[in-house]
Every structure is written in structure tokens, then in C-alpha cells.
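[1] coords please:
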Amino acid sequence: MDQEIRKLKKELTAAKKKNKELQKNLELKTNSKIEFCFTAQELEFMVESVIDKTLSIYDQLSFKDIDLKIQNN
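    Have a look, this model is predicted:
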């Protein structure tokens, strides 16, 4: 009986140690920072792309709005 208890205590200790390792690894993964480095030209291109896409969507929505108004009248 005592031998079983010692064995279970060892298993519990090993499981706790493994759990701490896993938690530490998870913290390292979730706390890591992602850094981006872009040149001014790359940033300018990205901003222009976003603006172009936004204007394109706006234009599409505007035309749909006009179509709906025409259909309603």
C-alpha cells in the first residue's frame, strides 16, 4: 500500500513538473512579440492599396445604392 502511494506521489510530481513546463512554453509562445520592418516605399504602397480597395468598395456600394433607388421609384 505504501509502495503504491509513493509511486502515485512520484507520478503526481512528474505530472506537475510537466504541467509547469507546458505552461511556461505556452507563456513564451503567447508573450512573444512580432516585429515588422518595412521601408517607407513599402508602407506607401500598402497604404495606397488599402485606399484603392476602400474606394473601390465605396464605388460599388454607391452604385448599388443608386440601383436600389431607381428600382424603388
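
[2] could you dump stretch 7-20 to CSV, C-alpha only?
    Extracted in CSV, the C-alpha atoms of stretch 7-20 (Å, rounded to 0.1, in the frame of the first residue of the first chain):
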residue,chain,number,x,y,z
LYS,A,7,4.5,5.5,-6.8
LEU,A,8,1.4,7.7,-7.2
LYS,A,9,3.2,10.6,-5.5
LYS,A,10,6.1,10.3,-7.9
GLU,A,11,3.7,10.2,-10.9
LEU,A,12,1.9,13.3,-9.5
THR,A,13,5.2,15.1,-9.0
ALA,A,14,6.2,14.3,-12.6
ALA,A,15,2.8,15.4,-13.9
LYS,A,16,3.0,18.7,-12.0
LYS,A,17,6.6,19.3,-13.4
LYS,A,18,5.4,18.5,-16.9
ASN,A,19,2.4,20.8,-16.5
LYS,A,20,4.7,23.7,-15.4
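
[3] In which helix or strand does the residue positioned nearest the centre of the chain reside?
    What sits nearest the mean C-alpha location of the chain, by Cα atoms, centre = their mean, is Thr30, with 10.5 Å. Under the criterion of DSSP states H and E, Thr30 resides in helix 2-31.

[4] Now do the host helix or strand of Leu55, average pLDDT.
    Following DSSP H and E, one finds Leu55 within helix 40-72. In this model, helix 40-72 has an average pLDDT of 80.

[5] Could you chop this structure up by domain?
    As assigned by automatic domain parsing, the chain contains the domains 1-33, 36-73.

[6] How far off centre is the longest one?
    Per Cα atoms, centre = their mean, to the nearest Å, the displacement of domain 36-73 from the mean C-alpha position of its chain is 24 Å.

[7] got it, and the shortest one?
    Centroid displacement of domain 1-33 relative to its chain, using Cα atoms, centre = their mean, is 28 Å.

[8] And it, what's buried?
    Residues of domain 1-33 include none that count as buried (16 or more other Cβ atoms under 10 Å). Bear in mind the C-beta positions are built from the backbone N, C-alpha and C, glycine included.
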